[in-house]
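> kindly return the folded structure for what I paste below:
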Amino acid sequence: MKNNVPFNRPFIGFIVEGAGEYNAYPTLISKIVGNNKIYSPIINSNGYGGILNHLEENLNDLIKTYHPHSVIITIDLLDVINGNIFSNCKELKAFLVKKINSWIKHNQKKLVLSPFPESISVVIQVQRFETWFIADKFTLQRHNYIKLCSKEKPWSNVDEEIKNPCEWLNSVNNDINLKQPRQCKEVISKLDINEMKLRSYSFNKFFRDVNKIYTSWLSFNS
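Modelled structure (predicted):
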């Protein structure tokens, strides 16, 4: 193996905002890469404040414990805008990238964090994580999770069309609780990844980033 790094080193680790992502990501990542036998460690920051204020501690915990090949940090855009922390996606991402680069500069040579991640990146969930799975609203309807009117049209880009996905879900009589692990896994398992990519630009970025890391991991260990 290259650099004596074991092949069973997780290909990716996540730092996420809340319980919905924590419950959904294992199934979602398996669907994205087409491998249901992989393990992806996840740190739940318990809110956007946990990411904004304690990102360094989360990175230490994740990398020291699991040593993933790469790391992705995800955070909801709507929450930080509603909290008057940042006014747009660009500002939020710039803030997090600056914190990441500073942390890397001061920590990448520490033996306790070796092997160090090949990459640490940020994906902004526009508007929230819930936006990504309502992108495939017709699958949700077919499985009776939501009720849509007969004239409902496909999204062009749900990120822009629905400013608050939780309010939208309430408006369509939804029966979805992402904080319930079993149901969350069930819902995510039924979704069409290609439809989610097509209807949500931010999910499309997440999909591409995860696949790029997975390909790198496979190549690194071949």
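
> how about the helices in the protein?
19-33, 48-66, 77-82, 89-107, 129-134, 137-142, 158-161, 165-171, 181-190, 193-199, 201-220 (DSSP state H).

> among the ones you listed, single out whichever gets nearest to Ser114.
helix 48-66 (9.2 Å; Cβ to Cβ). Placement of C-beta: from N, CA and C, glycine included.

> and that closest one, what does it pack against?
Applying 3 or more Cβ pairs under 8 Å, 6 or more residues apart in numbering; DSSP states H and E, one finds that helix 48-66 contacts strand 13-16, strand 42-44, strand 70-76, helix 77-82, helix 89-107.

> so for Cys149, which of the ones you listed sits nearest?
When these are compared by Cβ to Cβ, helix 77-82 sits nearest Cys149, at 24.6 Å.

> need the contact partners of that closest one.
17, 47-48, 52, 86-89, 92, 124-128, 163-164 (Cβ atoms under 8 Å, 6 or more residues apart in numbering).

> report the buried residues of that helix.
77-81 (16 or more other Cβ atoms under 10 Å).

> follow-up on the earlier one: among the contacts of helix 77-82, which ones are buried?
17, 48, 52, 86, 89, 92, 124-128.

> make TSV out of the residues you listed and add pLDDT and distance to Ser70.
Formatted as TSV, these follow (pLDDT from 0 to 100; distance: Cβ to Cβ, whole Å):
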residue	pLDDT	distance to Ser70
Glu17	96	19
Tyr48	97	22
Leu52	98	21
Phe86	97	25
Cys89	97	21
Leu92	98	21
Ile124	98	17
Gln125	98	18
Val126	98	22
Gln127	98	25
Arg128	97	24
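
> so can I have JSON lines of those residues showing distance to Leu59?
What follows is those, written out as JSON lines (distance: Cβ to Cβ, whole Å):
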{"residue": "Glu17", "distance to Leu59": "15"}
{"residue": "Tyr48", "distance to Leu59": "16"}
{"residue": "Leu52", "distance to Leu59": "13"}
{"residue": "Phe86", "distance to Leu59": "20"}
{"residue": "Cys89", "distance to Leu59": "21"}
{"residue": "Leu92", "distance to Leu59": "17"}
{"residue": "Ile124", "distance to Leu59": "18"}
{"residue": "Gln125", "distance to Leu59": "19"}
{"residue": "Val126", "distance to Leu59": "23"}
{"residue": "Gln127", "distance to Leu59": "25"}
{"residue": "Arg128", "distance to Leu59": "23"}
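
> nearest to Lys153, of those residues?
The closest of the buried ones among the contacts of helix 77-82, once distances to Lys153 are taken by Cβ to Cβ, is Gln127, at 19.3 Å.

> how far away is the residue nearest the centre of the chain from Ser189?
Taking Cα atoms, centre = their mean as the criterion, Thr74 is the residue nearest the geometric centre of the chain, at 4.9 Å. Separation of Thr74 from Ser189 (Cβ to Cβ, to the nearest Å): 20 Å.

> so what's the residue nearest to the centre of the chain up against?
14-17, 21, 122-125, 129, 206.

> is it in a bridge, and if so with what?
Val123 (DSSP bridges).

> hang on, the earlier thing: can you list the helices of the chain in TSV and add distance to Pro41?
Below are those laid out as TSV (distance: least, Cβ to Cβ, whole Å):
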stretch	distance to Pro41
helix 19-33	10
helix 48-66	4
helix 77-82	23
helix 89-107	18
helix 129-134	18
helix 137-142	28
helix 158-161	27
helix 165-171	26
helix 181-190	16
helix 193-199	22
helix 201-220	14
